[in-house]
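Participant: Compute the structure for the input listed below.
(chains A and B)
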Amino acid sequence: MSEHGAGAAHATTGTYLRIAAILVMITLIEVGVFYVPAFQTVLVPLLLFLSAVKFTLVVMFYMHLKFDNRFFAFLFGGPLLLALVVIVSLLLIFYGAVRLRTGM
Amino acid sequence: MTHGSAHAHEAHRTSMGVDSRKMAFWAFIGSECLLFGSLIATYLVYKGRSLVGPYPHEILNIPFTSFSTFDLLMSSLAMVLALAAVQRGDMKQGKLWLLVTALLGLVFLGGQFWEFSHFLHEGLGLTTNLFGSTFYVLTGTHGAHVTVGVIWLLTLWIQALRGKLGPKQALTVEITGLYWHFVDVVWIVIFTVVYLIQ
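Facilitator: Numbers count the residues shown, from 1 in each chain, chains lettered A, B, ... in the order given. Below you'll find the model as predicted:
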């Protein structure tokens, strides 16, 4: 698989414009659900999901990871996974410690 | 491709068949994931633990930040259009989209400057409370990355104006694009974690 200029061979200007339109629509939905009280119970998972979709679209199509050498996906995905593990672990440790201290 | 440029291109290839500059840059982006991951983790750990105000729900301006998010998303679109133009040798379009990307980056930075000034006026400084400390460090680090990106883009644009940027330098534009899109995806996360999930 070629790594140089491969993205341009697979993604056209039309694809870039469609991705941009989807990104804008998702952003509008994000802001919309933020203001709608009915979504308050599912707001956090919904916003995290929408954010993850936007993140994936930019990385796959604008950064060309979908079409590029898989080694680049490893170089990016490995540290990204580690960062997520660090975030979740810190939150579990911190809030676990708070719960133990307060008995809640 | 001339023999000389082919030789120059081969000089950057690794034994894996990938370009060493692009591989190094993806490794750098990986390290940046860990930097922003640690800053986001710190923000989340101290979220809701400020003893004094201003608190996030009192001060964050969602409509304004939504515009900044839209601006940065459009700059990413401009960046891929610039790369596509340079790759097909259309330097007129390439120069235009590089400039548009840099200008949209400047608009984002102007917005962030206004936001920080407004927050300072409202009494939220770096040491006011835990929210202020973690907010300024996280969004300020991101803003510093945007500033570097704008300078980088303007440098490329000047090179293009001087006729020193063409299809043979497409990889340079692609690497700039990788940096710019990474700055964009970091903002996608910050917008959700800091602004929308209060």
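Participant: Once you drop chain neighbours, what's closest to the closest residue to chain B within chain A?
Facilitator: As assessed by Cβ to the nearest Cβ, chain B sits closest to A:Ala83 within chain A, at 2.7 Å. From N, CA and C alone the C-beta is placed, and that goes for glycine too. Distances taken as Cβ to Cβ, 6 or more residues apart in numbering or on different chains put B:Gly37 closest to A:Ala83, at 2.7 Å, once the chain neighbours are dropped.
Participant: May I have the secondary structure class of that neighbour?
Facilitator: When states are read from DSSP: H, G, I helix; E, B strand; the rest coil, the local structure at B:Gly37 comes out as helix.
Participant: residues contacting it?
Facilitator: A:80, A:82-84, A:86-87 (Cβ atoms under 8 Å, 6 or more residues apart in numbering or on different chains).
Participant: Just the pLDDT at it, thanks.
Facilitator: The model reports B:Gly37 with a pLDDT of 96.
Participant: Give me the neighbour count for B:Leu51.
Facilitator: 6 (other Cβ atoms under 10 Å in any protein chain shown).
Participant: secondary structure class for it?
Facilitator: coil.
Participant: Hmm, B:Ala82 is touching B:Glu174, no?
Facilitator: No - if you go by Cβ atoms under 8 Å, B:Ala82 and B:Glu174 don't touch, sitting 10.1 Å apart.
Participant: Now the element after the helix or strand of chain A with the lowest mean pLDDT, going C-ward?
Facilitator: Every helix and strand of chain A was ranked by mean pLDDT, DSSP states H and E. The lowest is helix A:6-10, at a mean of 50. Heading C-terminal from helix A:6-10, the first helix or strand you meet, by DSSP states H and E, is helix A:13-35.
Participant: Could you see whether chain B lies near that following helix?
Facilitator: Yes - using Cβ under 8 Å from any Cβ of the partner chain, a contact is recorded between helix A:13-35 and chain B, made by A:13, A:16-17, A:19-20, A:23-24, A:27, A:30-31, A:34.
Participant: Quick one: those residues as a markdown table, columns for pLDDT too.
Facilitator: Output for the residues of helix A:13-35 next to chain B, formatted as a markdown table (pLDDT from 0 to 100):
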| residue | pLDDT |
| --- | --- |
| A:Thr13 | 91 |
| A:Tyr16 | 96 |
| A:Leu17 | 96 |
| A:Ile19 | 97 |
| A:Ala20 | 97 |
| A:Leu23 | 97 |
| A:Val24 | 97 |
| A:Thr27 | 96 |
| A:Glu30 | 96 |
| A:Val31 | 95 |
| A:Phe34 | 94 |
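Participant: Find the pair from these with maximum spatial separation.
Facilitator: A:Thr13 and A:Phe34 (31.9 Å; Cβ to Cβ).
Participant: ok, these two, which is more surrounded?
Facilitator: Relative neighbour count places A:Phe34 above the other of A:Thr13 and A:Phe34, with 19 against 13, counting by other Cβ under 10 Å.
Participant: what sits against the more buried one?
Facilitator: When contacts are counted by Cβ under 8 Å, 6+ apart, A:Phe34 touches A:43, A:47, B:62, B:196.
Participant: mind running it again at 10 Å?
Facilitator: A:40, A:43, A:46-47, B:62, B:66, B:192, B:195-198 (Cβ atoms under 10 Å, 6 or more residues apart in numbering or on different chains).
Participant: Now that you've got these, can you turn the buried subset into something I can paste into PyMOL?
Facilitator: Those of the contacts of A:Phe34 that count as buried under 16 or more other Cβ atoms under 10 Å in any protein chain shown are selected in PyMOL with:
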select buried, (chain A and resi 43+46+47) or (chain B and resi 62+66+192+195+196+197)
